[in-house]
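Student: return a 3D structure for these sequence lines:
(2 chains)
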Amino acid sequence: MAKQNERIAVAKTYKIYIGGKFPRTESGRYFTLEDGEGNVIANMCRGSRKDFRNAVVAARNAQSGWAKTSAYLRGQILYRIAEMLEGRREQFVAELKLQGSTKRAAEKEVDQSIDRLIYFAGWADKYQQVFSSVNPVASSHFNFSVLEPTGVVAMLTPDESSLLGMISNLAPAIAGGNTCIALASESMPLCAISFAEVLHASDVPGGVVNILTGLRSELTSQFASHMDVNAVIYCDASEAVAKTVQELAADNIKHVIGRDRVDWNSDAENPYMIRDTQEVKTTWHPIGT
Amino acid sequence: MALNAVKTSLQLPDLSRVPAVDEVGVNERVARFQTRSIKTASKVEALKLILSMIDLTTLEGQDTPGKVRQMCQKAIHLHDALPDLPHVAAVCVYPTMVHVAKDALKGHNINIASVATAFPSGMSTLSVKLDDTRMAVDAGATEIDMVISRGKFLSGDYRYVFDEIVAVKEACGDVHLKVILETGELGTLDRVRRASVLAMYAGADFIKTSTGKIQPAATMQVTLVMLQAISDFYRETGKMVGMKPAGGISTAKLAVHYLVMLRETLGNAWMTPEWFRFGASTLANDVLMQLMKQSTGVYQSADYFSKD
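Tutor: Numbering: from 1, shown residues only, chains lettered A, B, ... in the order given. Okay, here's the model as predicted:
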């Protein structure tokens, strides 16, 4: 009789997250993730431009519905994500350690990620009051400016700080009614896909957040050039990459948001992170006669 | 008198002799069509051919003259940023909108198709259906899309359905007649095949899958069965009949699969707008976006194309 402790481990298949589903990459390609000692940790989907295209379609379809969801409910859903992440804290700590983190650093990153979600959950129904304005004008008009979500946001999330950095980019974008496509950290992608499972269990409608894994060198130009993407975020990019992104983004005048040398521990908790992916609509309303 | 003359020359075929459809075989064949890879230059040619085969359609209760004019404008100017684009084959509207479309398309070689015969249900008397047809023809329609009486067909009254098509064809005169089987209400592929044979023997110039008001609308399975019926009809009578899948074909990729199926079932002779049409309202923009992607290399957004 076999001993209980001889049980064969069940390894997890990390797939990508598009439109509320977990498909494999349409390209069938993979890249292998290794730990510091050269042991294989996982085979990751090497996402293709067509995966990205499919993700943009999903994000676009979800966008108007998500933008119309009440700000209060968006906050509640963000809070729910935090709750779900809290419940799976140990799994994320273990994954970070597997990818080379120390226990203490891993715990700190997961805790901060949960707190970051709570932080932006709180802002979801408050940033409008802070950034909207009634403007003085020299005519008989009531003139006011309000925020509207930019739309579909494509984000090349930080390679370091793979969980906290990604959440610090995702949370403010979706708190503000955008839908997004995030490219996970290339060197530490495990948490991104596990986080997709958290999103999946958190009342986030399919398509609001889409997460791909793959090679940054291959996908950056796609993120920057797609005509149906309204804003592109890059983090810690080299000068050459930043230039490429800005040039390609010019085709449809995307918002380009460069987040370089951000300390994700301390610099990302501010409502300007939400403001970055908002448009200002100013209305002139005649008054008097 | 003319009606009688037509009637005597056309015979209701013995539908019990129509071959049964192998549903498993159809599914496998359809799956094979979807594995063909059409790329680069071939893809561009296919996309342009698809554009030229589109019947740009608006069939809503809320259609206004403005909406029809807008659609006609789109039919003429699909996307001016792309040179050398064909125009669509036709616009498809309700009979009361035919005169609006005719004005809007003046001077352009685009057909005006009108649905008639108490579209979409077909639940009316023959005389009302014939009046409906004549009204559309008199207003300037160059193609009529009629619906068959599905209730009569399903209850086995094939003679009634046959005579009705013959009568409508007679009312059409020289105008092209497309016969809508509404396959989503026929239930089985066997009945689709039988209805196809019936319609072709009754004088249909085209057979068409659906009104677009019933789900499922066009599927590749149903279209394949109808194409095979056309092929056999051609072999038996020497007469070519056109095919129009309609409803639910909204992506360029799917439309290319249909072209592959057409090519491999009926051959090159049918690969023209004269013999094959797509009834669609949103397909054109997806095709245009794919063509733009081919020419610029960048994935496109609907924001930069005129509204459907």
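
Student: where does whichever residue of the stretch 51-200 of chain B sits closest to chain A sit, in terms of helix or strand?
Tutor: Nearest to chain A in the stretch 51-200 of chain B, going by CB to the nearest CB, is B:Ala81, at a distance of 12.4 Å. Where C-beta positions appear, they are placed from N, C-alpha and C, glycine not excepted. According to DSSP states H and E, B:Ala81 maps onto no helix or strand at all.

Student: check what pLDDT it gets.
Tutor: pLDDT for B:Ala81: 92.

Student: dump the residue contacts of the residue in the stretch 151-289 of chain A that chain B sits nearest to.
Tutor: Closest approach between the stretch 151-289 of chain A and chain B, counting by CB to the nearest CB: A:Asp228, at 3.5 Å. By CB atoms under 8 Å, 6 or more residues apart in numbering or on different chains, the residues touching A:Asp228 are A:56-57, A:60, A:152, B:299-303.

Student: most neighbours among these, please name it.
Tutor: A:Val152 (29 neighbours; other CB atoms under 10 Å in any protein chain shown).

Student: and the nearest residue to A:Gly288 once chain neighbours are set aside, how many neighbours?
Tutor: Take A:Gly288 and drop its neighbours on the chain: the residue closest to it by CB to CB, 6 or more residues apart in numbering or on different chains is A:Ser140, 4.7 Å away. A:Ser140 has 10 neighbouring residues, counting by other CB under 10 Å.

Student: show me what contacts A:Ser140?
Tutor: For A:Ser140, the contacting residues are A:286-288, by CB under 8 Å, 6+ apart.

Student: can you check A:Met188 too?
Tutor: A:96, A:99-100, A:159-160, A:162.

Student: ok so, going back, from the contacts of A:Ser140, which has minimum pLDDT?
Tutor: Scoring the contacts of A:Ser140 by pLDDT puts A:Gly288 last, at 79.

Student: that one should be in a strand, yeah?
Tutor: No. Membership of A:Gly288 in a strand is not supported by DSSP: H, G, I helix; E, B strand; the rest coil, which gives coil.

Student: tell me how far it lies from A:Tyr272.
Tutor: 36 Å (CB to CB, to the nearest Å).

Student: who has more neighbours, those two?
Tutor: Remark: of A:Gly288 and A:Tyr272, A:Tyr272 carries more neighbours, 11 against 6, as counted by other CB under 10 Å.

Student: list the contacts for the more buried one?
Tutor: A:Tyr272 neighbours (CB under 8 Å, 6+ apart): none.

Student: so where is the chain shaky, pLDDT-wise?
Tutor: The chain I'm using is chain A. Scanning chain A for pLDDT under 70 picks out the ranges A:1-4, A:289.

Student: not what I meant, chain B
Tutor: Judged by pLDDT under 70, the stretches of chain B that qualify are B:1-9.

Student: centre-most residue in it?
Tutor: B:Lys244 (2.7 Å; CA atoms, centre = their mean).

Student: next, that one: phi, psi?
Tutor: The phi/psi pair for B:Lys244 (degrees, to the nearest 10) reads phi -140, psi 100.

Student: pretty sure it contacts B:Trp275?
Tutor: No. B:Lys244 lies out of contact with B:Trp275 (CB atoms under 8 Å); the separation is 9.7 Å.

Student: show me the contacts for the residue of chain B found nearest chain A.
Tutor: Of all residues in chain B, B:Ser301 sits closest to chain A, at 3.5 Å by CB to the nearest CB. Taking CB under 8 Å, 6+ apart as the criterion, B:Ser301 is in contact with A:226-228, A:252, B:289.

Student: re earlier: beta partners of the residue nearest to the centre of chain B?
Tutor: Beta bridges link B:Lys244 to B:Lys208 when assigned by DSSP bridges.

Student: how much space is there between it and B:Gly212?
Tutor: The span separating B:Lys244 from B:Gly212 equals 11 Å under the rule CB to CB.

Student: what is in contact with the two at once?
Tutor: In contact with both B:Lys244 and B:Gly212: B:Gly279, using CB under 8 Å, 6+ apart.

Student: for the residue in the stretch 1-150 of chain A that chain B sits nearest to, which non-adjacent residue is spatially closest?
Tutor: Closest contact between the stretch 1-150 of chain A and chain B, by CB to the nearest CB, is at A:Arg53 (5.4 Å). Nearest residue to A:Arg53, sequence neighbours excluded (CB to CB, 6+ apart): B:Tyr299, at 5.4 Å.

Student: doesn't A:Phe223 make contact with the one you found?
Tutor: No. The pair B:Tyr299 / A:Phe223 is not scored as a contact, 10.7 Å apart, by CB under 8 Å.

Student: residue numbers of chain A in contact with chain B?
Tutor: A:49, A:53, A:56, A:222, A:225-228, A:251-252 (CB under 8 Å from any CB of the partner chain).

Student: by neighbour count, which of these wins?
Tutor: When these are compared by neighbour count (other CB under 10 Å), A:His226 ends up highest, at 27 neighbours.

Student: if I look at that one, how far off is A:Gln63?
Tutor: A:His226 sits 14 Å away from A:Gln63, going by CB to CB.

Student: does residue 106 sit in a helix or strand, and which one?
Tutor: Went with chain A since none was named. Element membership of A:Ala106, judged by DSSP H and E, is helix A:103-123.

Student: likewise for A:Leu33?
Tutor: Using DSSP H and E, A:Leu33 sits in strand A:30-34.

Student: output the contacting helices and strands for that strand.
Tutor: strand A:40-45 (3 or more CB pairs under 8 Å, 6 or more residues apart in numbering or on different chains; DSSP states H and E).

Student: give me the angle between the strand it packs on and strand A:30-34.
Tutor: Orientation check (axes from the mean of the first three to the mean of the last three CA atoms, to 10 degrees): strand A:40-45 against strand A:30-34 gives 160 degrees.

Student: other SSEs contacting strand A:40-45?
Tutor: Packed next to strand A:40-45, using 3+ CB pairs under 8 Å, 6+ apart, are strand A:30-34.

Student: buried set for the strand it packs on?
Tutor: For strand A:30-34, the neighbour count (16 or more other CB atoms under 10 Å in any protein chain shown) marks A:30, A:33 as buried.

Student: strand partners (parallel or antiparallel) of it?
Tutor: strand A:40-45 (antiparallel).

Student: run through who's touching the partner strand.
Tutor: In contact with strand A:40-45 (CB under 8 Å, 6+ apart) are residues A:11-16, A:24-25, A:29-35, A:51, A:98-99, A:189-190, A:212-214.

Student: cutoff 10 Å now
Tutor: Contacting residues not belonging to strand A:40-45 are listed as A:11-16, A:22-35, A:51, A:95, A:98-100, A:184, A:186, A:189-190, A:192-193, A:212-215 [CB atoms under 10 Å, 6 or more residues apart in numbering or on different chains].

Student: are any of these buried, and which?
Tutor: For the contacts of strand A:40-45, buried by 16+ other CB under 10 Å: A:14-16, A:22, A:25-26, A:30, A:33, A:51, A:95, A:98-99, A:184, A:186, A:189-190, A:192-193, A:212-214.

Student: got the end-to-end distance for stretch B:238-247?
Tutor: 29 Å (CA to CA, to the nearest Å).

Student: can you report how many residues neighbour residue 126?
Tutor: In the absence of a named chain, chain A is used. As a burial measure, A:Lys126 scores 14 neighbours (other CB under 10 Å).

Student: let's do chain B instead
Tutor: Counted with other CB under 10 Å, B:Leu126 comes out at 15.

Student: re the thing from before, I'd guessed the residue nearest to the centre of chain B sits against B:Glu274; true?
Tutor: No. Under the criterion of CB atoms under 10 Å, B:Lys244 makes no contact with B:Glu274, lying 11.7 Å away.

Student: overlap in contacts of the two?
Tutor: B:53, B:89, B:206.

Student: perfect, I'm done here.
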